[in-house]
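okay, predicted coordinates and the sequence, questions at the end:
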Amino acid sequence: MIGLHTYTGGAHFAFTDRWGGVSAVPYEQLNLGGAVGDDPKAVLANRALAARALGLDPAAVVWMNQVHGNDVAVIDAPWGDDPVPAVDAIVTARRGLALAVLTADCVPVLLADPHAGVVAAAHAGRPGMVAGVVPAAVAQMIRLGASPERITAFTGPSVCGSCYEVPAAMRDEVAGVEPAARAQTSWGTPAVDVAAGVHAQLARLGVGMREKSHICTLESPDHFSYRRDRATGRLASYVWLDDEQPEPTTPTDGERP
């Protein structure tokens, strides 16, 4: 159910796998996406199961209507009965909220500056990475008092550059915006490495600590992959703050393997 839950200086970062839920084929088991054709009751049950496994109130988890763009919403409460806006990043300075992003090959990006009390979640597919959704999210964090050198960034399971085959013209277009995303498949054809592009952007922004999952969703049977299966579920990645502000720590530059 919870593939990884890590805690860093006042912030929690968590990533699900596909197991431990109630959804039927082809969404088995822990589908957390509400717009993929699954039974809505199963999705709600799965979201409650995942939230409780993380010690969260399901009503305090904030989701997005993801559209592969670069729009960012700054929030201080769950959406409630309001329509969920079409954005690909959400930012909050409100403790008690958990921000969630859905993926099934795209890169989930979780960001936190616990000292400033600011967190963000971003959905970075190929179009969103090219459009700059991650820099846009960081910019909003800075407006709320975050400092890039204090931000910790985690990217979760996603399709890797050795598997994400694209036409040569598409690779050239992406690499023209973000050269670090240029890749080649393991069988020698043009590819895009979205996670590498995201991490290059984070480095240029001065983000102090960058953590990267090395799980490829297309290769892993424990994770949903749209590119592999088409009709499939969605993973979720969550970021939230402790209820109390931590003592300041000295940031460490660089990216962990």
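Right, received. Where do you want to start? Residues are numbered from 1 along each chain as shown.

excluding its backbone neighbours, what's nearest the residue positioned nearest the centre of the chain?
Nearest to the geometric centre of the chain sits residue 108, at 1.8 Å (CA atoms, centre = their mean). Using CB to CB, 6 or more residues apart in numbering and skipping residues adjacent in sequence, the residue nearest residue 108 is residue 237, 3.7 Å away. Every residue, glycine included, has its C-beta placed from N, CA and C.

what strands flank the helix or strand harbouring that neighbour, and is each parallel or antiparallel?
Applying DSSP states H and E as the criterion places residue 237 in strand 235-241. Note on strand 235-241: by DSSP bridges, its sheet partners are strand 11-16 (antiparallel), strand 98-103 (antiparallel).

any chance of those strands in a markdown table, plus distance to residue 59?
A markdown table is the format used below for the strands paired with strand 235-241 (distance: least, CB to CB, whole Å):
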| stretch | distance to residue 59 |
| --- | --- |
| strand 11-16 | 17 |
| strand 98-103 | 10 |
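
right, and those strands - which one's nearest residue 145?
Across the strands paired with strand 235-241, residue 145 has its closest neighbour in strand 11-16 (14.6 Å, CB to CB).

buried set for that closest one?
11-16 (16 or more other CB atoms under 10 Å).

same deal with stretch 47-54?
Under 16+ other CB under 10 Å, the buried positions of stretch 47-54 are 47, 49-51, 54.

for that stretch, the distance to its chain's centre please.
17 Å (CA atoms, centre = their mean, to the nearest Å).

send me that stretch as PDB with only the CA atoms.
Written as PDB, here are the backbone C-alpha positions of stretch 47-54 (Å, rounded to 0.1, in the frame of the first residue of the first chain):
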ATOM      1  CA  ARG A  47      -8.400   6.900  -0.500                       C
ATOM      2  CA  ALA A  48      -9.600   6.400   3.000                       C
ATOM      3  CA  LEU A  49      -7.400   3.300   3.400                       C
ATOM      4  CA  ALA A  50      -4.300   5.100   2.200                       C
ATOM      5  CA  ALA A  51      -4.900   8.100   4.300                       C
ATOM      6  CA  ARG A  52      -5.400   6.000   7.500                       C
ATOM      7  CA  ALA A  53      -2.300   4.000   6.700                       C
ATOM      8  CA  LEU A  54      -0.400   7.400   6.800                       C
END
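
contacting residues for the spatially closest residue to residue 243 that is not a sequence neighbour?
Of all residues not flanking residue 243 in the chain, residue 95 sits nearest, at 5.7 Å (CB to CB, 6+ apart). Residues counted as contacts of residue 95 (CB atoms under 8 Å, 6 or more residues apart in numbering) are 117, 241-243.

top of these by neighbour count?
residue 241 (25 neighbours; other CB atoms under 10 Å).

that one bridge partners, please.
Here residue 241, judged by DSSP bridges, has bridge partners residue 11.

that one reaches residue 119, doesn't it?
Yes - between residue 241 and residue 119 there is a contact under CB atoms under 8 Å: 5.8 Å.

what residues do those two have in common as contacts?
11, 112.

how many residues are close by residue 7?
10.

contacts only, for the closest residue to it other than its chain neighbours.
Nearest residue to residue 7, sequence neighbours excluded (CB to CB, 6+ apart): residue 13, at 7.8 Å. Counting by CB under 8 Å, 6+ apart, residue 13 touches 4-7, 110, 112, 152, 154, 211, 237-239.
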